[in-house]
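Engineer: turn this into a model:
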Amino acid sequence: MKIHLIAIGGSAMHNMALALHHKGFQITGSDDAIFSPSKERLEKYNLLPKEMGWFPNKITSDLDAIILGMHAREDNPELAKAKELNIPIYSYPEYIYGQCKSKKRVVIGGSHGKTSITAMILHVLQNLNIECDYMVGAQLEGFETMVKLTHEAPIIILEGDEYLSSPIDRRPKFHLYQPHIAVLSGIAWDHINVFPTFNMYVDQFRIFKNMVTDTLIYCTEDEHLNKLATEETKCKLIPYSTPKHSIENGITTVANTELLIFGNHNLQNLNAARLVCNELGVSNAHFYREIANFKGASKRLELVKKTTNSAIYKDFAHSPSKLKATSSAMKKQFANRKLVACMELHTFSSLNEEFLQQYKGCMDEPDTAIVYFSPAAIAHKKLEPITKQQVHIAFNRKDLIVFTDAKKLEDYLKGLNWENQNLLMMSSGTFDGMEFGKLVQ
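Structural biologist: Numbers count the residues shown, from 1 in each chain. Alright, predicted model coming up:
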C-alpha cells in the first residue's frame, strides 16, 4: 500500500505515519511546518519531507490513498490534485476505522478523561501481554507511538474525540468508529466554534451512544449522561462513579492498592478502565495489580518537579469542570500545603467572551488563583479581543490575578515563597513555552 499524508507533522498524523510504516506500508507526506518531537520521530524512519510546503507533483495515480489531516485547508493544492486523479481521500479517523473493521472496537469518549482512561486500559493490557491495537491522544511511557495498527491484534482501543474529522469531513471523529464497547466519561460544553449551542454539543454524544452495539460504560456523576442513559438504547449499560478510597501521607489507596495517581476524576477514570478491562476478560485482581504502577498519561495531572516542601504539577485542563476538579484534587491530596493554581485561556472556546461566563467559580478552591492569556494568540486565532476586566468578571473571584505577559507571569511565580506550597499549571497550550521545572527552586 502506498499512502500519502497531507499535514503529516501533526501530533496524531505523524503517529499514524509511523504506525503504517511499521505495518509495512510505503509512506510519504507533506506539511508547511513540522516541529519537535514530530520532526525527529519522522526523521528517524526517513519519513520527514525533504522540503516544507505543498507539492501537487507528489500526488500521483499510483497512490492507494490520501489521509487528510485537520491542519490542512480545504483549498490545499495536494488535496485538489488528489481529487482530480480520483485517489481515495480519508480523514484520520475514517482511515483508522477501515484498518480495524474486523477487530473488537473499544472507544473512549467524553469531554474529559478520554486520554487517561485509554492510557490506563493500555497500561494494564500491555502488562498482561494482551495484544491490542490502539490510538491515544498523548505519548505514553512504554509505548513508542500513539497509534498502533497491525494485521494480527483482535482488539483496538480508540480515544474518541468529538472534534471534526477533517477540513472536508465535518463529522465528529468518534462517530466514525462504530464501537462494540464504549465509555462516556462526562459532558461539558466545548468546541463552541463548531457546536455553538450546548444542546448541539450534547447531540453528538447522543448519536455516539446510539452507535454502541454491545456495552456502554458511563459515569453516573454526570447529570447529562444520566439523562442520556434514560433514553432508549440497544446496548447494555454499565454505570460507574468515584470508587471508595482513602488518602494517607499523600498516597491514595483503592481496593487495598496504593496508587501513583490521585483525584476524584482520576479515580473515576480508573473505574471506567477497570470495567472496560472486565469486558475484555481481565479480573479485578489482575487489574488492580497492574494499575498500581501507572504514573498517568503525559500532561494529565503530571508531576513536573518535587522538592521537600513543594511540587509542580501540569494538567491539560482547560474546561471549567476540569479546572475545578483538578484544583480540588490537588487540595485534597496535599491538605497541609497551600495551592497556587495558574490556568491559560488558550482554546477557541475559552477565548470567547460569551463562553467565558462558564468559568464562574471554577478557580475558587486554590489559595492563589491566576489566569493568563496572550493577546497575540487571540489575534492569531482571529478572535475578538478580550480584556483583563472581562476575565475578572467571568471568574467572579475578587483576588484573581490576571497576566497577559508570559515573562511577567514567570517572574511572579519565581518570586513566590514555595515553602509548603504547590504549583498547578493548567492549559492545553504551553504558556508561550514556559519551562515549568524552573519556576520552583
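Engineer: can you tell me what sits against the helix or strand bottoming out on mean pLDDT in the chain?
Structural biologist: The helix or strand of the chain with the poorest confidence is helix 375-380; it has a mean of 90 (mean pLDDT, DSSP states H and E). Outside helix 375-380, the residues that touch it by C-beta atoms under 8 Å, 6 or more residues apart in numbering are 346, 351, 384, 385, 386, 404, 429. Glycine gets a C-beta too; all of them are placed from N, C-alpha and C.
Engineer: count the neighbours of the fifth one for me.
Structural biologist: Residue 386 sits with 19 neighbouring residues when counted by other C-beta atoms under 10 Å.
Engineer: correct me, but it touches residue 357?
Structural biologist: No - contact criterion C-beta atoms under 8 Å: residue 386 and residue 357 do not qualify, at 11.8 Å.
Engineer: following the longest helix seen in the chain, which helix or strand shows up next?
Structural biologist: If you go by DSSP state H, the chain has its longest helix at helix 264-279. As assigned by DSSP states H and E, the chain's next helix or strand after helix 264-279 is helix 284-291.
Engineer: the helix or strand just after that next one: partners in the sheet, and parallel or antiparallel?
Structural biologist: Per DSSP H and E, the first helix or strand lying C-terminal to helix 284-291 is strand 302-306. Using DSSP bridges, the strands paired with strand 302-306 are strand 311-315 (antiparallel).
Engineer: so for the strand it pairs with, what's the average pLDDT?
Structural biologist: Strand 311-315 carries an average pLDDT of 95.
Engineer: other SSEs contacting the helix or strand that that strand is followed by?
Structural biologist: Once strand 311-315 ends, the next helix or strand along the chain (criterion: DSSP H and E) is helix 320-333. Contacts defined by 3 or more C-beta pairs under 8 Å, 6 or more residues apart in numbering; DSSP states H and E place helix 320-333 against helix 264-279, strand 311-315, strand 338-345, strand 421-426.
Engineer: tabulate the ones you listed in TSV, adding columns for mean neighbour count and distance to residue 371.
Structural biologist: Shown next, in TSV, are these (neighbours: other C-beta atoms under 10 Å; distance: least, C-beta to C-beta, whole Å):
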stretch	mean neighbour count	distance to residue 371
helix 264-279	24	21
strand 311-315	23	15
strand 338-345	24	6
strand 421-426	23	10
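Engineer: ok, back up a step: dump the C-alpha coordinates for the least confident helix or strand of the chain into CSV.
Structural biologist: Extracted C-alpha coordinates of helix 375-380, given in CSV (Å, rounded to 0.1, in the frame of the first residue of the first chain):
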residue,chain,number,x,y,z
PRO,A,375,-3.4,38.9,23.2
ALA,A,376,-1.1,37.7,20.3
ALA,A,377,-2.7,34.2,20.4
ILE,A,378,-6.2,35.8,20.2
ALA,A,379,-5.1,37.8,17.2
HIS,A,380,-3.6,34.7,15.6
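Engineer: rewinding a little: make a markdown table from the helices and strands packed on helix 320-333 and add distance to residue 232 to it.
Structural biologist: Below are the helices and strands packed on helix 320-333 laid out as a markdown table (distance: least, C-beta to C-beta, whole Å):
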| stretch | distance to residue 232 |
| --- | --- |
| helix 264-279 | 22 |
| strand 311-315 | 37 |
| strand 338-345 | 39 |
| strand 421-426 | 38 |
